[in-house]
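Build me a model:
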Amino acid sequence: MTKTTLSALLIAALPFGALADDDDDRGFGLAGLLSAKNKQDLEPIQLSAGMPLTGAPWVLKSGTYYEFEIQGDGSQELALVGPEFFRAIWIDEIVVEGLEIRPLGLDSIEFDEAGEMEIGFVAIKPGSYYLKVPGSTGETQRLEITIE
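Numbers count the residues shown, from 1 in each chain. The predicted model follows:
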């Protein structure tokens, strides 16, 4: 066996990642979609009687991991619906008072009293979506969401 053939066999036996430069940012890190480099925090949603849900619409990027909080002040029993949005994302987890929930899907959430939850998800399907307080007609009770 020649020296060149032996060298080629040794290089071929190395894992592909061993040949990549650690400083090269051509893809996701070791955790892929869930890596810290691919995570963004969104503005919290405020559930309060007569108050706007957020200050601005959300513009999301498909393939990015997002986290946001929903904060209910207990001023009224309030819900959020957005079935089309919830079907356009993959929900990693919902955290309520330290309890982690990993649902297969979601249609709506409701706060009967004051509380907070955090939702972590990956935006998947590009399009225009919304989350809104059911039965409301005001623009401040609706969050416009775009996934690019």
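
check contacts around the nearest residue to Gln141 once chain neighbours are set aside.
With sequence-adjacent residues excluded and distances taken as Cβ to Cβ, 6 or more residues apart in numbering, Gln141 is closest to Val133, at 4.3 Å. All C-beta atoms are positioned from the backbone trio N, CA, C, and that covers glycine. Listed by Cβ atoms under 8 Å, 6 or more residues apart in numbering, the contact partners of Val133 are Leu47, Leu53, Leu78, Ala79, Leu80, Val81, Gln141, Arg142.

Neighbour-wise, give me the winner out of these.
The most crowded member of these, judged by other Cβ atoms under 10 Å, is Leu47 (26 neighbours).

just to revisit the earlier point, and the residue nearest to Gln141, how close does it get to Val59?
21 Å (Cβ to Cβ, to the nearest Å).

Please, where are all the helices along this structure?
Assigned by DSSP state H, the chain shows helices spanning 3-13, 16-19, 83-87.

Wait, Ser48 touches Asp73, no?
Yes: applying Cβ atoms under 8 Å, one finds Ser48 in contact with Asp73, separated by 4.6 Å.

Test for you: state the pLDDT assigned to the residue nearest to Gln141.
Val133 carries a pLDDT score of 94 in this model.

What of Ala49?
88.

Report how many residues lie close to it.
11.

Repeat that for the one 3 residues further on.
With neighbours defined by other Cβ under 10 Å, the count for Pro52 comes to 15.

Can you tell me how far the nearest residue to it once chain neighbours are set aside is from Ser48?
Nearest residue to Pro52, sequence neighbours excluded (Cβ to Cβ, 6+ apart): Thr140, at 3.8 Å. From Thr140 across to Ser48, the span is 11 Å (Cβ to Cβ).

Which one's more surrounded, these two?
Taking neighbours as other Cβ under 10 Å, Thr140 and Ser48 compare with Ser48 leading, 16 against 12.

And the strands in the chain?
39-41, 45-47, 58-60, 65-72, 78-81, 89-96, 99-101, 108-111, 115-123, 127-132, 142-147 (DSSP state E).

Mind listing what's buried along the third one?
Residues Trp58, Leu60 are the ones in strand 58-60 that count as buried (16 or more other Cβ atoms under 10 Å).

distance between that strand and the chain's centre?
11 Å (Cα atoms, centre = their mean, to the nearest Å).

Many thanks, I have nothing further to ask.
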